[in-house]
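Novice: With the sequence up front, the predicted model follows.
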Amino acid sequence: MSSTTTMRRVGASKKDYGYSNARVRGMRSRLLKQSFLDGLMQAKDLGGIITSLMETEYAPDLEERLLHGHTAGQIDLALKDNMVRTFRTVLSLVNDESLAMLGALLGRWDLFNIKTVIRGRHMNLSAEEIVDSMIAVAQLTQIDLDELARQQNVKGVVDTLATWKLPFAVPLRAAMPEYIESGNLAVLELALDKYYMEWATKRLKGRGVNQQLAHRFLGTQIDTIDLLTCLRLLNADLGDQDALRFFLPGGMYVTEGLFGDLAGMSDVDEVYDRLKRTPYGRPLEDVAIKYIESGSVSVFERALEDYLMRRAFAAGRGDPLGVGIIISYLWMKSNEVTNLRIIVKGVSVDMPMERMREELIVV
């Protein structure tokens with residue numbers, strides 16, 4: 001990506017991690033405890049949730065949004081506002097080295113948001129439905145996302161990104177002819193994934209401890225995407241397509257050879273056996289029964305998502321003066337907001353508490 005998509009500093013440049021990490025540790029201490037989430041799930045209505053959240057750091061964002069109504073939608077917007085504000089605060093505190101690394105890792109949010117808009121336009125969803133799923137914590141602002149969501153079709157989204165001179169437009173434009181001919185959305189999503197992963201991997205190259213930690217985390221993210229792709233390819237009829245077309249290089253454990261082997265399998269048990277000696281064997285095995293019961297690959301998607309989140313949390317257990325603490329906190333905050341949004345939606349539709357608990361990502 002070009003300089004137009006690099007994170008910009010708000011505060012002064014700092015050479016070490018002492019100041020930023022001390023601030024981030026203070027912010028981490030204010031993350032909500034499991035007992036608080038349990039209490040929210042027991043709320044009888046949205047009023048109970050609002051009362052509880054007004055005693056937390058979400059209060060200022062709630063006060064502003066609730067002026068427009070005490071609805072689940074306004075609470076959801078307040079939660080997203082808080083996450084954006086928190087991420088901006090953290091990025092204003094960090095030094096130049098961590099700003100560059102965080103910029104590479106947080107680019108996944110731009111990737112997610114662009115894919116969300118393209119999926120929405122592909123499915124002819126309303127602009128409101130599309131925007132509801134996005135959070136502007138990376139380079140694309142809420143104003144940018146609103147504009148993209150208002151485009152009439154996928155081509156309009158790609159043309160707008162090109163007009164803004166955003167590099168994400170390059171892989172999309174290259175893949176558009178095939179998408180137009182086939183109507184296959186996966187063509188565009190694969191182009192975006194490959195572009196982002198290649199860009200981020202280059203940005204995180206380096207021999208320093210912090211660069212290596214960030215690189216390993218990105219590699220884990222690539223692994224989880226590749227594994228999910230392999231699981232989706234089980235019993236899939238690819239015709240004359242080579243399964244390796246869907247491989248994303250740069251993972252920690254999933255090599256091109258392993259990907260090819262997994263993609264050629266037809267049974268989930270074979271996949272387990274092949275992955276037993278990797279860190280991913282256990283998470284997948286843990287949900288095997290759920291998969292047998294449901295037959296849905298989403299079970300594995302959730303297991304890999306949980307695993308990735310736990311790896312992010314673990315990044316903060318190392319060097320107290322390194323970037324790991326910052327990565328850990330940002331992903332913990334993201335997880336907290338995701339879980340709060342799940343609870344708000346659950347309470348608003350009278351979802352049973354046990355069902356809500358199952359929906360939570362990592363607690």
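Specialist: Yep, that arrived. In this text, all values refer to a predicted model and were calculated from it rather than measured experimentally.

Novice: Only C-alpha atoms from now on, for both contacts and neighbour counts.
Specialist: Fine.

Novice: There's contact between Ile75 and Arg65 in this structure, I believe.
Specialist: Yes. When contacts are counted by Cα atoms under 8 Å, Ile75 is listed as touching Arg65 (7.0 Å).

Novice: between these two, which one's more packed in?
Specialist: More crowded of Ile75 and Arg65, by other Cα atoms under 10 Å: Ile75, with 26 against 20.

Novice: Provide the secondary structure category for the more buried one.
Specialist: On the three-state scheme (DSSP: H, G, I helix; E, B strand; the rest coil), Ile75 is labelled helix.

Novice: check contacts around it.
Specialist: Applying Cα atoms under 8 Å, 6 or more residues apart in numbering to Ile75 gives the contacts 50, 62, 65-66, 344.

Novice: any idea how far it is from Ile49?
Specialist: Distance, Ile75 to Ile49, by Cα to Cα, to the nearest Å: 9 Å.

Novice: One more: Thr86?
Specialist: Distance of Thr86 to Ile49, computed by Cα to Cα: 21 Å.

Novice: any weak-confidence spans in this protein?
Specialist: Low-confidence segments of the chain (pLDDT under 70): 1-15, 235, 237-240, 363.

Novice: can you pull the buried residues of the lengthiest helix in it?
Specialist: Identified as the longest helix of the chain according to DSSP state H is helix 96-122. Within helix 96-122, the residues that count as buried by 16 or more other Cα atoms under 10 Å are 96-122.

Novice: Repeat that for stretch 263-275.
Specialist: 263-265, 268, 271-272, 275.

Novice: Need those residues in CSV (columns: distance to Pro177 and secondary structure).
Specialist: Converted to CSV, the buried residues of stretch 263-275 look like this (distance: Cα to Cα, whole Å; DSSP: H, G, I helix; E, B strand; the rest coil):
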residue, distance to Pro177, secondary structure
Ala263, 26, helix
Gly264, 28, coil
Met265, 31, coil
Val268, 35, helix
Val271, 34, helix
Tyr272, 37, helix
Leu275, 37, helix
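
Novice: dump the residue contacts of the nearest residue to Gly318 once chain neighbours are set aside.
Specialist: Spatial nearest neighbour of Gly318, excluding adjacent residues (Cα to Cα, 6 or more residues apart in numbering): Gly324 at 6.9 Å. Residues near Gly324 by Cα under 8 Å, 6+ apart: 210, 213-214, 315-318.

Novice: so how far is the helix or strand harbouring Glu354 off the chain centroid?
Specialist: Taking DSSP states H and E as the definition, Glu354 sits inside helix 353-359. Centroid separation between helix 353-359 and its chain, computed with Cα atoms, centre = their mean, to the nearest Å, is 21 Å.

Novice: hang on, the earlier thing: between Thr86 and Ile49, which one's more packed in?
Specialist: Ile49 (23 against 17).

Novice: separation between the more buried one and Leu62?
Specialist: Applying Cα to Cα, the value for Ile49 to Leu62 is 11 Å.

Novice: Domain parsing of this structure, as residue ranges.
Specialist: 34-94+333-363, 107-185, 204-322 (automatic domain parsing).

Novice: what would those look like in CSV with distance to Met27?
Specialist: Listed next are these as CSV, based on distance: least, Cα to Cα, whole Å:
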stretch, distance to Met27
domain 34-94+333-363, 9
domain 107-185, 17
domain 204-322, 13
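
Novice: Go through these and name the closest to Arg23.
Specialist: domain 34-94+333-363 (8.1 Å; Cα to Cα).

Novice: downstream neighbour of whichever strand or helix holds Thr51 in the secondary structure list?
Specialist: If you go by DSSP H and E, Thr51 is part of helix 46-53. Downstream of helix 46-53, the first helix or strand assigned by DSSP H and E is helix 59-65.

Novice: List the buried residues in that next one.
Specialist: For helix 59-65, a neighbour-count test (16+ other Cα under 10 Å) marks 59, 61-62, 65 as buried.

Novice: How about stretch 40-54?
Specialist: Neighbour count says stretch 40-54 has 40-41, 43, 45-46, 49-50, 52-53 buried, by 16+ other Cα under 10 Å.

Novice: so who does Met356 touch?
Specialist: By Cα under 8 Å, 6+ apart, the residues touching Met356 are 41, 342-343, 346.
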